[in-house]
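Chemist: coordinates only, no sequence provided:
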């Protein structure tokens, strides 16, 4: 009889363990599902942060062709507007009218008015060579660049003088072409 009771007790314990084991398996499955959903949500949030960041929206970091185009056009424009001879001042001024706009055009007019008089009197020639251009920001039709220039000044009867310049340039695309709208010496 006692053996029968022990046997019945063991059977009940087995049933209880089977029930508990089934519950444990379900709880483990639920816990794993919740953990997987939380991890997936975390990955989605992080992906949104990476693709929605300022760096991801900056085409200077992602669009090589557009970056090359704006840097090339700004490089050519700066070499044209900051190079002149006493005989070629009218051409330099026409280039500035074509390549500059906004604040940069107004600044240049003021500067060029002073330079124009001195260039004729002193037979002054300025040759500007763009050494390096870096596009720091490019979004839509607006770009910010850092430009390094080497300039050589020739005056009648004097040795040439060399100078370096560093400029922050803001350019804006108008009718498909980049125009300089801001220049700041650094």
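Modeler: Good, I have the coordinates. Because the structure is a prediction, the values reported are computed rather than measured.
Chemist: relative to residue 106, how far out is the one residue sitting closest to the centre of the chain?
Modeler: Centroid-nearest residue in the chain: residue 137, 3.1 Å away (criterion: CA atoms, centre = their mean). Distance, residue 137 to residue 106, by CB to CB, to the nearest Å: 23 Å. Every residue, glycine included, has its C-beta placed from N, CA and C.
Chemist: thinking again about what came up before, report the secondary structure state of the residue nearest to the centre of the chain.
Modeler: strand (DSSP: H, G, I helix; E, B strand; the rest coil).
Chemist: which SS class is residue 184?
Modeler: Residue 184 ends up strand, using three-state DSSP.
Chemist: quick check: nearest residue in space to it, chain neighbours excluded?
Modeler: residue 168 (4.4 Å; CB to CB, 6 or more residues apart in numbering).
Chemist: wait, doesn't the residue nearest to the centre of the chain sit right on residue 62?
Modeler: No - assessed by CB atoms under 8 Å, residue 137 is found out of contact with residue 62, at 11.9 Å.
Chemist: picking up where we left off before, beta partners of the residue nearest to residue 184?
Modeler: Residues in a beta bridge with residue 168, per DSSP bridges, are residue 146, residue 184.
Chemist: circling back: tell me the bridge partners for the residue nearest to the centre of the chain.
Modeler: Beta-bridge pairing for residue 137 (DSSP bridges): residue 144.
Chemist: cool, residue 128 as well?
Modeler: Under DSSP bridges, the beta-bridge partners of residue 128 are residue 151.
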